[in-house]
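In: How does the following fold in three dimensions:
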Amino acid sequence: MPHFAPAPRWQRLTAHVPPGQVLRFLAVGLWNTGFGYASFALLTHLLAAKYPRFGYLAAAALSSMLNISIAFLGYKWFVFKTRGNYVREWLRCVAVYGSSIVIGLMLLPLLVFLLRWLWGLDAAAPYLAGALLACFNAAYNFVGNKAFTFKGVGA
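Out: Modelled structure (predicted):
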């Protein structure tokens, strides 16, 4: 059976991340992405009746606040395995996620507009835009949490 070696560029990118941490991150990240998107979609649906054109923005902001705390606990307990420092690490996690929320809130209307304009999507555009941003946020938040929230933890 042939052995395929990882590309040198990939090795350089991942050399500072312990293999077990990557697998745990992927598992917690899958949960966070599913939970986060489900809460966004549910709130978008609930707010659509009262705010049909821009309810998705309020849904994004509200679901993000809930999802930050859920993600923080997953990262703390299962990915980076830190002890203590709950308040300090949670505040740092809020800073990382807060910056991704700001980026997301700026990009979401643009993505919704582009999806509606380029592909003629209307009601589905906020949902697809939210899914696209969830992929971006997964990578952004791992790097931010690794480098800032749980800095120096290599469990």
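
In: Tell me the buried residues in the helix ranked longest in the chain?
Out: When the chain is parsed with DSSP state H, its longest helix is helix 86-119. Buried positions in helix 86-119, judged by neighbour count with 16 or more other C-beta atoms under 10 Å: 89-90, 92-94, 96-97, 100-101, 104, 108, 111-112, 115-116. Heads up, the C-betas are built off the backbone N, CA and C, glycines and all.

In: quick one: G144 from W119, how far?
Out: Separation of G144 from W119 (C-beta to C-beta, to the nearest Å): 31 Å.

In: so where's this protein shaky on pLDDT?
Out: 1-17, 152-155 (pLDDT under 70).

In: mind listing the helices for it?
Out: Using DSSP H, helices in the chain cover 8-14, 19-48, 55-74, 86-119, 125-144.

In: F80 is nearest to which of those helices?
Out: Closest to F80 of these, according to C-beta to C-beta: helix 19-48, at 7.2 Å.

In: tilt between the closest one and helix 86-119?
Out: Calculated by axes from the mean of the first three to the mean of the last three C-alpha atoms, to 10 degrees, helix 19-48 forms an angle of 60 degrees with helix 86-119.

In: tell me how far helix 19-48 is from the chain's mean position?
Out: Chain-centre distance of helix 19-48: 7 Å, with C-alpha atoms, centre = their mean, to the nearest Å.

In: Check which helices and strands it sits against.
Out: Applying 3 or more C-beta pairs under 8 Å, 6 or more residues apart in numbering; DSSP states H and E, we find helix 19-48 packed against helix 55-74, helix 125-144.

In: okay, the angle between the last one and helix 19-48?
Out: When the same axes, to 10 degrees is applied, the directions of helix 125-144 and helix 19-48 differ by 150 degrees.

In: Before I go, just wanted to say thanks for your time.
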